[in-house]
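K.L.:
Here's my sequence, what's the structure:
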Amino acid sequence: MFGRWLGNRTNRAQRTSPLAAVTVPPSAGVLSCRVLDPVNEPVREAEFALSDAMGRKVVSGGTDPFGSFMTTVPAGDYRLAVSAEGYAPFHGSATVAESGHASLGDVTLQVSPPPQLPAPGDWEIEPTHSSIAFTARHIGLARIHGRFNTFAGALRVADRIEESAIHVVIDASSIDTNVKMRDDHLRSGDFLDVDRFPTLEFYGDRFSHRGGSRWAITGALSLHGVTRTVTLDAEYLGLGNGMEGEARAACRATVELHRDDFTVSWQTMLARGIAVVGSSVRIELDVQIVPKG
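P.N.:
From the prediction side, this is the model:
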């Protein structure tokens, strides 16, 4: 199986025929589509995936700045899925003939309703179903993956969600990369210096809606004795219920930190292969919250 992403063609040949500027193998054809929003504006960077009759993904990609995509695929029957942040997904089908052009024309995505927000009041992070992880480069090569095993957090949801506040406290000594020698070094004065700075804390009090389920949470992060303003890129996943029927809400968030901003700037090599962690660290939070009891 093969698929070739062609993007949007704007030359004179395409205005005459979408196939005129495309070299198509004898056993293949072209599939094209344009993705619009409800007011007929193009949806750029909408994601699409094309699967064959057996459910196998043949080609995937994103729309161009004009909301268009075009791809060559082997002749056959296909299912198309189109998705974009803030819109309900679209599913369609098409048959591509040898040396033919199957056009789905304009596909209009409908705005999806935003997930229901948590009720105003005090909530807390439920650690059993939550995680705080990080990824860093190891001497600029392989990635190091780790996590903090001990943390707590509280969220005060305001009547106006933008006025809410969140406070998260992380036990610095609970850092875990699954390598004891490396973890001991990360706890030392070269990095986190947990004896002097036992916790990492984030207090966020600016919630900004970025559309759909995306939010920005801005606040102060205290790490290694330094406090900086950072913004979390958050995705709200909605409400649900636990096994005993209790209300829950879920959220994912990421932030990129630069070690030098927090004076964690150790730059030497240790013996036995333990080397410097890269200059930036990506923090990933995946949390569930429950009403504070």
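
K.L.:
Report the contact partners of the nearest residue to residue 289 once chain neighbours are set aside.
P.N.:
Nearest non-adjacent residue to residue 289, counting by Cβ to Cβ, 6 or more residues apart in numbering: residue 123, 4.3 Å away. Where you see a C-beta, it was placed from the backbone N, CA and C, and this is true even at glycine. Shown in contact with residue 123 (Cβ atoms under 8 Å, 6 or more residues apart in numbering): 154-157, 249, 289-292.

K.L.:
Among these, find the lowest-pLDDT one for me.
P.N.:
In terms of pLDDT, residue 292 ranks lowest among the contacts of residue 123, with 90.

K.L.:
my read: that residue touches residue 122, true?
P.N.:
Yes - contact status for residue 292 versus residue 122: in contact at 4.1 Å, counting by Cβ atoms under 8 Å.

K.L.:
Now the common contact residues for these two.
P.N.:
With Cβ under 8 Å, 6+ apart as the test, residue 292 and residue 122 both reach residue 154.

K.L.:
Would you reformat the contacts of residue 123 as a markdown table and include secondary structure and neighbour count?
P.N.:
A markdown table is the format used below for the contacts of residue 123 (DSSP: H, G, I helix; E, B strand; the rest coil; neighbours: other Cβ atoms under 10 Å):
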| residue | secondary structure | neighbour count |
| --- | --- | --- |
| 154 | strand | 15 |
| 155 | strand | 21 |
| 156 | strand | 15 |
| 157 | strand | 21 |
| 249 | strand | 23 |
| 289 | strand | 23 |
| 290 | strand | 16 |
| 291 | strand | 15 |
| 292 | coil | 11 |
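
K.L.:
What's the biggest helix in this protein, counting residues?
P.N.:
Counting by DSSP state H, the longest helix found in the chain is helix 180-187.

K.L.:
What is that helix packed up against?
P.N.:
With contacts taken as 3 or more Cβ pairs under 8 Å, 6 or more residues apart in numbering; DSSP states H and E, helix 180-187 sits against strand 175-176.

K.L.:
Figure out how far the strand it packs on is from the centre of its chain.
P.N.:
With Cα atoms, centre = their mean, to the nearest Å as the basis, strand 175-176 stands 23 Å off its chain's centre.

K.L.:
which residues touch that strand?
P.N.:
By Cβ under 8 Å, 6+ apart, the residues outside strand 175-176 that reach it are 146-149, 183, 186-187, 192.

K.L.:
who does it pair up with?
P.N.:
Next to strand 175-176 in the sheet, as set by DSSP bridges, lie strand 143-148 (antiparallel).

K.L.:
What residues of the strand it pairs with count as buried?
P.N.:
By neighbour count on 16 or more other Cβ atoms under 10 Å, the buried set for strand 143-148 is 144, 146, 148.

K.L.:
any idea how far residue 148 is from the residue nearest to residue 289?
P.N.:
20 Å (Cβ to Cβ, to the nearest Å).

K.L.:
where do the strands sit along the stretch 1-150 of the chain?
P.N.:
4-5, 28-36, 47-52, 57-62, 68-74, 76-83, 90-96, 101-108, 121-125, 131-138, 143-148 (DSSP state E, counting those that start in this stretch).

K.L.:
number of nearby residues for the nearest residue to residue 32 once chain neighbours are set aside?
P.N.:
Spatial nearest neighbour of residue 32, excluding adjacent residues (Cβ to Cβ, 6+ apart): residue 70 at 4.2 Å. Residues within reach of residue 70, counting by other Cβ atoms under 10 Å, total 23.
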